[in-house]
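Q: Sequence and predicted structure, then a few things I'm wondering about:
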Amino acid sequence: MPQGIENTNAAQMPANLHTVALTVSMMLKRGLQVADLLHGSGIAEDDLKQPSVMITHAQELIVFANAYQLSGDSAIGLDIGSDMHISSYGMLGYSMLVSPTLGEALRCALDFPLLLGSYFKVALENEGELTALTARNYGYRPDLYTVNSEMCLSSLWAIVRDVMAAPVSPVEVRVAHGRPVHAARYLEVFGVEGTFDADHHALVFPTAWLERALPLAEPVSYLMARRQCAQLASEWETASGHSVVAKALRLLHAEPRRYSALNMLADALHMSERTLRRRLADANTSYQALLDRVRYELAQDYLRHTKLTIAEIAERLGYSETASFRHAFLRWSGKVPSDWRNYV
């Protein structure tokens, strides 16, 4: 897509709040105000305290534009991207961290573009002894092209450094826009100067690095994490096509106990129960299907990554009785929660 045209469909794709929260935190240290940074985005300050709340790329872009205009700093894309460490990507970040090799980690990121959240089409391209991690096809706000380009490149290199657990530098950083006023910052961020006015954006490094074993590699965890990524990506893809589904999933993920009754969810979405049922049916789903999906996903996460008791998990998921949770989990997985926890 030409640089000067925004793809409105792409701008409505779902994203989590991590990058917005990171940007706000960074700008607060520079003396800016939360309300000014979030102005016009539809994101409330309280939302920043809810990591499971979902937004759209369009909302993200409004916050980036506010930060850019209010700070007057043309290099904020480099700064934001450099701070987007592996933990910024949730389950995808964990998958990359426990991947067997750098090549597998990068291919994992490319397999789940929705979870990666890039505004570009990212790919690995072989150049013989060198490999290029490329970024093409920008389809968003043209006024933020440079900011988003530099955010993309610096965040991708932050991933490489994090999974390798080493302060490595690329052989070359190719940039498709002209030389910016802050070009000197490239040496600080990447360890090399930028090559500007290139055909496309790319981070170039030795091909041999792709086979490097990663320090935190764990084959079983990697396969399980990839399955979780596939499930999550499917949910995001479904949600992106139906705004009411997207909004319902965001609320259910954030507070499943609060919205464990249809009327509570309908009130939060400012519609009647009948209307909500009809609109979910139009999207080929139902309230109970969405609630079960979210509860199952969160239950697996609690069982795998916490020491919460089964009763505590049931309460967090909105069950009034632990037995009801056990029966539901058995229906979803074929195992009761305690057996599933011991199995994984």
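A: Okay, I see it.
Q: Which segments of this structure make up each domain?
A: 8-211, 242-343 (automatic domain parsing).
Q: could you dump those domains to TSV with distance to residue 220, mean pLDDT and mean neighbour count?
A: In short, each C-beta sits where N, CA and C put it, glycine included. Below are the domains of the chain laid out as TSV (distance: least, CB to CB, whole Å; pLDDT from 0 to 100; neighbours: other CB atoms under 10 Å):
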stretch	distance to residue 220	mean pLDDT	mean neighbour count
domain 8-211	9	92	18
domain 242-343	12	88	16
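Q: In CSV, list the ones you listed along with distance to residue 226.
A: Listed next are these as CSV, based on distance: least, CB to CB, whole Å:
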stretch, distance to residue 226
domain 8-211, 6
domain 242-343, 14
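Q: Figure out which of these is closest to residue 230.
A: domain 8-211 (7.5 Å; CB to CB).
Q: quick one: that closest one to chain centroid distance?
A: Distance of domain 8-211 from the chain centroid (CA atoms, centre = their mean, to the nearest Å) equals 11 Å.
Q: Going forward, the N-terminal residue is numbered 898.
A: All set: I'll call the first residue 898, so the last point we hit is now domain 905-1108.
Q: mind saving the C-alpha coords of stretch 1029-1043 as CSV?
A: The C-alpha coordinates for stretch 1029-1043 follow below in CSV (Å, rounded to 0.1, in the frame of the first residue of the first chain):
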residue,chain,number,x,y,z
ALA,A,1029,17.6,-9.4,6.6
LEU,A,1030,14.7,-9.0,9.0
THR,A,1031,12.6,-6.8,6.7
ALA,A,1032,9.6,-4.5,7.3
ARG,A,1033,7.4,-3.5,4.4
ASN,A,1034,3.9,-2.4,3.4
TYR,A,1035,3.0,0.3,5.9
GLY,A,1036,-0.7,1.0,5.8
TYR,A,1037,-1.4,3.4,8.6
ARG,A,1038,-1.2,7.1,9.3
PRO,A,1039,1.3,8.8,7.0
ASP,A,1040,2.1,11.5,9.5
LEU,A,1041,3.4,8.8,11.8
TYR,A,1042,5.4,6.9,9.2
THR,A,1043,8.8,7.8,10.5
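Q: returning to that earlier point: closest one to residue 1132 among the domains of the chain?
A: Of all the domains of the chain, the one in closest proximity to residue 1132, counting by CB to CB, is domain 1139-1240 (6.6 Å).
Q: still on that earlier bit, nearest to residue 1116, out of the domains of the chain?
A: Nearest of the domains of the chain (CB to CB): domain 905-1108, 6.3 Å.
Q: Could you point out the helix or strand that follows the helix ranked longest in the chain?
A: When the chain is parsed with DSSP state H, its longest helix is helix 1116-1138. For helix 1116-1138, the following helix or strand on the C-terminal side (DSSP states H and E) is helix 1140-1151.
Q: roughly how far out does that following helix sit from the chain middle?
A: For helix 1140-1151, the distance to the chain centre is 16 Å (CA atoms, centre = their mean).
Q: Now do the helix or strand hosting residue 1005 and helix 1116-1138, the angle between them.
A: Using DSSP H and E, residue 1005 sits within helix 999-1008. Relative orientation of helix 999-1008 and helix 1116-1138, computed by axes from the mean of the first three to the mean of the last three CA atoms, to 10 degrees: 20 degrees.
Q: Name the next helix or strand downstream of helix 999-1008, please.
A: helix 1010-1013.
Q: what's that following helix in contact with?
A: Helix 1010-1013 is contacted by residues 910-911, 986-989, 1006-1007, 1018-1019, 1126, 1129-1130, 1133-1134, 1137 when judged by CB atoms under 8 Å, 6 or more residues apart in numbering.
Q: switch the cut-off to 10 Å
A: Helix 1010-1013 is contacted from outside by 910-913, 986-990, 992-993, 1005-1007, 1017-1019, 1049, 1052-1053, 1056, 1126-1127, 1129-1134, 1136-1137, using CB atoms under 10 Å, 6 or more residues apart in numbering.
Q: Can you tell me how far residue 1122 is from residue 989?
A: Residue 1122 sits 8 Å away from residue 989, going by CB to CB, to the nearest Å.
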